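Colleague: Pasting a predicted model and its sequence here:
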Amino acid sequence: MRRREFIAVVGGAAAWPLTARAQQPAMPVIGFLSVGTLESMRDYVAAFHRSLADGGFAEDRNVGIEYRWSEDHNDRLPALAEDLVRRQATVIVAAGTPASQAAKAATQTIPIVFDIGTDPVGVGLVTSLAHPGGNITGVTNLNVELFKKSIELMYSLVSPAVTIAVLINPSNIPQAATERATVQDAAHALGARLVILEASSPSEAESAFEAVVGQRIGALVVSGEAFFLTQRNRLVELAAQHAIPTIYAWCEFPIAGGLMSYGADFAEPYRLLGGYAARILKGEKPADLPVQQATKVELVINLTTANTLGLAIPLPLLGRADLVSE
């Protein structure tokens, strides 16, 4: 072989890997749309990543992830969802009812996997749980369904004469509507006086506690809406400052010093989200994946806070607790 031919052959061989790489399909991208913040959702995002990895996908190795956080501003969600559509996300993971509705409004073709705490049929996301239809499926967690039980638990700890307030986020319209109905049902069943307070911003949360003090309300039940998770440290601080017995939906609150929580294990839905996202990346269609329900529920009690408030936690309730902090 002449020298010029040899150089041509070697040069062509060296180019093959580059040509092959150029013809490789682009890395798929997951658009992660959330009503919260990275800080408030860090543990849940980690659960999503672990499940995604179990399905064969790791961020920056064989899948990209574009995060969009509305930071408790639901009015930002439509623009964030549209941005993910413009960036041609392979699948959109939507955390929270407002985020899920924004994603559905933004695209009828890109697959969507949602996590919400209310009925997805009732809020118009899917046609049925077994057969979601269209480009969307997801996970529901026990959130609103547990609200009445949280009220009952708090009522069991205080005098029957005590007025209890419930704190909801009116900007999450579907969830707030269900929670208002739940409060009315609970008040009727318990024969209790329940007051509804609203907050969708840090300043409104401060005002809600001022109302609790001003109206001499004796206890508080905080909704499991995602906004309140981002405000957990301040809410726990306000409850301690005003000595208000308070029950929350997220275990992070009693871990941070709140009295107690009763709610879903919110890491479970994100594990399920990761599994569904992986399956869709492998070619399955959302319409063929039934809506899943996360069913694990946790009761967490902070005995130190109970003692500070002068509350005696009944032994049967302590026995039911998944975690007791002393």
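Modeller: In hand now; what should we look at?
Colleague: mind listing what's buried in the helix or strand containing Glu237?
Modeller: Using DSSP states H and E, Glu237 maps to helix 232-241. In terms of neighbour count (16 or more other Cβ atoms under 10 Å), helix 232-241 has its buried residues at Arg232, Leu235, Val236, Leu238, Ala239, Ala240. Yep, even glycine has a C-beta here, placed from its N, CA and C like the rest.
Colleague: For it, which helices and strands make contact with it?
Modeller: Where contact means 3 or more Cβ pairs under 8 Å, 6 or more residues apart in numbering; DSSP states H and E, helix 232-241 is packed against helix 202-214, strand 246-248, helix 252-255.
Colleague: Identify, out of those, the most deeply packed stretch.
Modeller: With neighbours defined as mean count of other Cβ atoms under 10 Å, the helices and strands packed on helix 232-241 peak in mean count at strand 246-248, which reaches a mean of 28.
Colleague: pLDDT on it, on average?
Modeller: Mean per-residue pLDDT for strand 246-248: 97.
Colleague: what's it packed up against?
Modeller: helix 147-157, strand 219-222, helix 232-241, strand 260-264.
Colleague: contact partners of the longest one?
Modeller: By that I understand helix 147-157. Residues outside helix 147-157 that contact it (Cβ atoms under 8 Å, 6 or more residues apart in numbering): 164, 166, 179, 182-183, 185-186, 190, 192, 194, 219-221, 223-224, 245, 247, 249, 260, 262-263, 299, 311, 313-314, 317.
Colleague: swap in the second one?
Modeller: The contact list for strand 219-222, computed with Cβ under 8 Å, 6+ apart, reads 147, 150-151, 154-155, 157-158, 162, 164-167, 212, 228, 235, 239, 244-249, 253.
Colleague: Beyond it, next helix or strand please.
Modeller: Taking DSSP H and E, what comes next after strand 219-222 is helix 226-230.
Colleague: Keeping just the C-alphas, turn that following helix into CSV.
Modeller: Below are the C-alpha coordinates for helix 226-230, written out as CSV (Å, rounded to 0.1, in the frame of the first residue of the first chain):
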residue,chain,number,x,y,z
ALA,A,226,-46.9,22.5,48.9
PHE,A,227,-46.6,26.2,49.7
PHE,A,228,-46.7,25.5,53.4
LEU,A,229,-43.8,23.1,53.1
THR,A,230,-41.6,25.9,51.8
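Colleague: That one: how far from the chain's middle?
Modeller: Taking the mean of its C-alpha atoms, helix 226-230 sits 9 Å from the chain's own mean (Cα atoms, centre = their mean, to the nearest Å).
Colleague: Please point out which parts of it sit buried.
Modeller: Neighbour-count burial for helix 226-230, counted by 16+ other Cβ under 10 Å, picks out Ala226, Phe227, Phe228, Leu229, Thr230.
Colleague: Now the last one: closest residue in space that isn't a chain neighbour?
Modeller: The one in question is Thr230. Ser40 (4.2 Å; Cβ to Cβ, 6 or more residues apart in numbering).
Colleague: Using the three-state scheme, assign that neighbour.
Modeller: Assigned state for Ser40: helix (three-state reduction, DSSP: H, G, I helix; E, B strand; the rest coil).
Colleague: Surely it and Asn233 touch.
Modeller: No - between Ser40 and Asn233 there is no contact, the gap being 10.1 Å when judged by Cβ atoms under 8 Å.
Colleague: could you pull out the strands for the stretch 1-150 of the chain?
Modeller: Applying DSSP state E, counting those that start in this stretch to the stretch 1-150 of the chain gives strands spanning 29-34, 64-69, 91-95, 112-116, 136-141.
Colleague: Using CSV, lay out the ones you listed together with mean pLDDT, mean neighbour count and distance to Ala287.
Modeller: Shown next, in CSV, are those (pLDDT from 0 to 100; neighbours: other Cβ atoms under 10 Å; distance: least, Cβ to Cβ, whole Å):
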stretch, mean pLDDT, mean neighbour count, distance to Ala287
strand 29-34, 98, 24, 19
strand 64-69, 97, 18, 24
strand 91-95, 97, 29, 13
strand 112-116, 96, 29, 11
strand 136-141, 95, 26, 7
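Colleague: Out of the ones you listed, which is closest to Leu84?
Modeller: With respect to Leu84, and counting by Cβ to Cβ, the nearest of the strands of the stretch 1-150 of the chain is strand 29-34 at 3.5 Å.
Colleague: Show the contacting residues for the nearest residue to Ala102 once chain neighbours are set aside.
Modeller: Nearest non-adjacent residue to Ala102, counting by Cβ to Cβ, 6+ apart: Leu77, 3.8 Å away. Contacts for Leu77 (Cβ under 8 Å, 6+ apart) come out as Leu33, Val35, Ser70, Pro98, Ala99, Gln101, Ala102.
Colleague: ok, which pair from these is furthest apart?
Modeller: Spanning the widest gap among these are Ser70 and Gln101, at 12.3 Å by Cβ to Cβ.
Colleague: picking up where we left off before, among the contacts of helix 147-157, which ones are buried?
Modeller: Buried among the contacts of helix 147-157 (16+ other Cβ under 10 Å): 164, 166, 179, 182-183, 186, 190, 192, 194, 219-221, 223-224, 245, 247, 249, 260, 262-263, 299, 313.
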